[in-house]
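Asker: Sequence first, then the predicted structure:
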Amino acid sequence: MIQQQGTRLLAGVFCQCRSAETHAGVDPGGGCGPPPSASPQLASQDSRPGSEILDHPCDMCGGPEQEHRLKVLFQILDVNGDGGICVNDLTIGLKKLGVHRTEHELRKIVKAGDKDLDGQLDFKEFVHYLRDHEKKLRLVFKSLDKKNDGWIDSQEIVQSLRDLGINISEEQAEEILRR
């Protein structure tokens, strides 16, 4: 099963928010809602996998911790410390984080976020790219999560593909999830 949350390696960088559960009134598909009135709570009281991490407001509700996490990630990826992330910085920085992408994929990322066309992402462009990309991922996740339980299982993969006119077996869906 795939759960909507970041990896343990990046847990201190990416938001671990479980929007629908922790932010009442917020659309987990990327919409905005009112800031939660409750303060962040320790997730160690939570029994979900990966919940040893501090729950906190995400960028959808304007939590200050999210901006800090983005600054930390930007600093990690800005390998040469020049205030911009180029393809070379992304290659080295993402490898440090255990994420491997082709040069073509990394060029597409920089091109998609580079609004001033200088060949790199400054912090503002970086944040805009990540937030826009995260909204798209939330929408995809939400469309696959047919049971609305925060998990994607093989039955949901089969159903989603069937809705698109593609028939696969339960075993093939399990293989997709393993990958």
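Answerer: Right, received. Where do you want to start?

Asker: ok, Phe126 - contacts?
Answerer: Phe126 is in contact with 70, 74, 77, 85, 113, counting by Cβ atoms under 8 Å, 6 or more residues apart in numbering. In this view, the C-beta of every residue, glycine as well, is placed from N, C-alpha and C.

Asker: among those, which are in helices?
Answerer: Members of those lying in helices (criterion: DSSP state H): 70, 74, 77, 113.

Asker: Which residue comes closest to the first one once chain neighbours are left out?
Answerer: Translated: Leu70. Val127 (5.4 Å; Cβ to Cβ, 6 or more residues apart in numbering).

Asker: correct me, but Lys96 touches Ile76?
Answerer: Yes: Lys96 is within contact range of Ile76, at 6.7 Å (criterion: Cβ atoms under 8 Å).

Asker: Figure out the helix or strand that Ile176 lives in.
Answerer: helix 170-178 (DSSP states H and E).

Asker: Does anything pack onto that helix? Which helices or strands?
Answerer: When contacts are defined as 3 or more Cβ pairs under 8 Å, 6 or more residues apart in numbering; DSSP states H and E, helix 170-178 packs onto helix 154-163.

Asker: Quickly note the distance from Ile166 to Gln159.
Answerer: 11 Å (Cβ to Cβ, to the nearest Å).

Asker: quick one, which of the two is more surrounded?
Answerer: Using other Cβ atoms under 10 Å, the more surrounded residue of Ile166 and Gln159 is Gln159, with 15 against 9.

Asker: quick one: the more buried one and Asp145 touch, right?
Answerer: No: using Cβ under 8 Å, Gln159 is not in contact with Asp145, being 10.8 Å away.

Asker: ok so, going back, you'd agree the residue nearest to Leu70 is in a helix?
Answerer: Yes: if the criterion is DSSP: H, G, I helix; E, B strand; the rest coil, then Val127 is within a helix.

Asker: can you count the residues close to it?
Answerer: Neighbour number of Val127 under other Cβ under 10 Å is 19.

Asker: That one against Leu73, yeah?
Answerer: No: with contact defined as Cβ under 8 Å, Val127 does not count as touching Leu73 (9.7 Å).

Asker: For this protein, just list every one of the helices.
Answerer: 19-22, 64-77, 87-96, 103-113, 123-144, 154-163, 170-178.
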